[in-house]
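In: Build the 3D model from these lines:
(2 chains)
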Protein chains: 2
Amino acid sequence: MAGAVNLAAKLAGFADPWAPRTVAAFNGHDVMVVKVQGEFHWHSHAETDDFFLVLDGVLDIELRDRTVTLRAGELFVVPRGVEHRPVARGEAHLLLIEPTGTPNTGDPATAAPRRLA
Amino acid sequence: MAGAVNLAAKLAGFADPWAPRTVAAFNGHDVMVVKVQGEFHWHSHAETDDFFLVLDGVLDIELRDRTVTLRAGELFVVPRGVEHRPVARGEAHLLLIEPTGTPNTGDPATAAPRRLA
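Out: Okay, here's the model as predicted:
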């Protein structure tokens, strides 16, 4: 049990996009910050909902039938099994929460390694 | 599956302190916003970690051996079983995540009812 986690300070510590950094643990989940820019892959997670909170910038979460646009201070939960593609036209900073070990691409073969901030 | 959840807009919809409003569901948890001011009760949750993210204002999370002070953009997870007392000297706005049904006081007899924003 460490102290307060300052999200902006954690984000200032790295630059590579689509590479989440774990900042806290919560009920078997990793709480992560990530910088994103451009298009991610279409994917889904069969076993977990997918939590997105935008801290800075704008994120489009494309679903097969619509797009959910998130700005700073807005969140969206993609239900398990639902295909989605995150797209950021500029750089965006996100808070993500996923069960520890969840592959960010939906596929362990292509997933980013989990790293501490 | 609704659309984007704007946390400030949800917070603007109510005024009563220490009365969390659920804004999304995530893996069996309620994602909630709450306005707090003053001292809460000393309590702990035997079965769940307790997630706090400050959206606005300042929150002290008193532990038995120290105090963790959180400002906007800072988070802290109180591990399960650890006694804590949230204290806000001014009004603070928080994002909370707890398993659906968790009593906010640690005791069903004194817990605030769960309400949707």
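
In: From now on I want contacts and neighbour counts done on CA atoms only, so please keep to that.
Out: OK.

In: Okay, helices next: where are they in chain A?
Out: A:7-11 (DSSP state H).

In: Need the residue closest to the centroid of it.
Out: residue A:96 (3.9 Å; C-alpha atoms, centre = their mean).

In: Quickly note the distance from it to chain B.
Out: 12 Å (C-alpha to the nearest C-alpha, to the nearest Å).

In: Kindly report the residues of chain A close to chain B.
Out: A:1, A:3-8, A:24-27, A:48-51, A:68-70, A:73-79 (C-alpha under 8 Å from any C-alpha of the partner chain).

In: mind listing which of those residues are in strands?
Out: A:5-6, A:24-26, A:50-51, A:68-70, A:74-78 (DSSP state E).

In: sorry, back to before: from the residues of chain A next to chain B, keep the buried residues only.
Out: Buried by 16 or more other C-alpha atoms under 10 Å in any protein chain shown: A:4-7, A:24-27, A:48-51, A:69-70, A:73-79, out of the residues of chain A next to chain B.

In: if I pick the residue nearest to the centre of chain A, what's in contact with it?
Out: Neighbouring residues of residue A:96 by C-alpha atoms under 8 Å, 6 or more residues apart in numbering or on different chains: A:31-34, A:50-53.

In: please redo it, this time with the cut-off set to 6 Å
Out: A:31-32, A:51-52 (C-alpha atoms under 6 Å, 6 or more residues apart in numbering or on different chains).

In: Tell me the one among these nearest to chain B.
Out: residue A:51 (7.1 Å; C-alpha to the nearest C-alpha).

In: The closest one contacts residue A:74, doesn't it?
Out: No: using C-alpha atoms under 6 Å, residue A:51 is not in contact with residue A:74, being 11.1 Å away.

In: circling back: check the residue nearest to the centre of chain A and give its pLDDT.
Out: Here, the pLDDT recorded for residue A:96 equals 98.

In: Quick check: beta-bridge partners of it?
Out: residue A:32, residue A:52 (DSSP bridges).

In: Tell me how far it lies from residue A:21.
Out: 9 Å (C-alpha to C-alpha, to the nearest Å).

In: and for these two, which residues touch both?
Out: In contact with both residue A:96 and residue A:21: residue A:32, using C-alpha under 6 Å, 6+ apart.

In: In chain A, where is pLDDT below threshold?
Out: Along chain A, segments meeting pLDDT under 70 span A:1.

In: which residues does residue A:70 bridge with?
Out: residue A:59.

In: Now tabulate the contacts of residue A:96 in JSON lines and tack on distance to residue A:58.
Out: Formatted as JSON lines, those follow (distance: C-alpha to C-alpha, whole Å):
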{"residue": "A:31", "distance to residue A:58": "20"}
{"residue": "A:32", "distance to residue A:58": "18"}
{"residue": "A:51", "distance to residue A:58": "15"}
{"residue": "A:52", "distance to residue A:58": "12"}
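
In: what's the closest of those residues to residue A:113?
Out: Of all the contacts of residue A:96, residue A:113 sits closest to residue A:32, with 12.2 Å by C-alpha to C-alpha.
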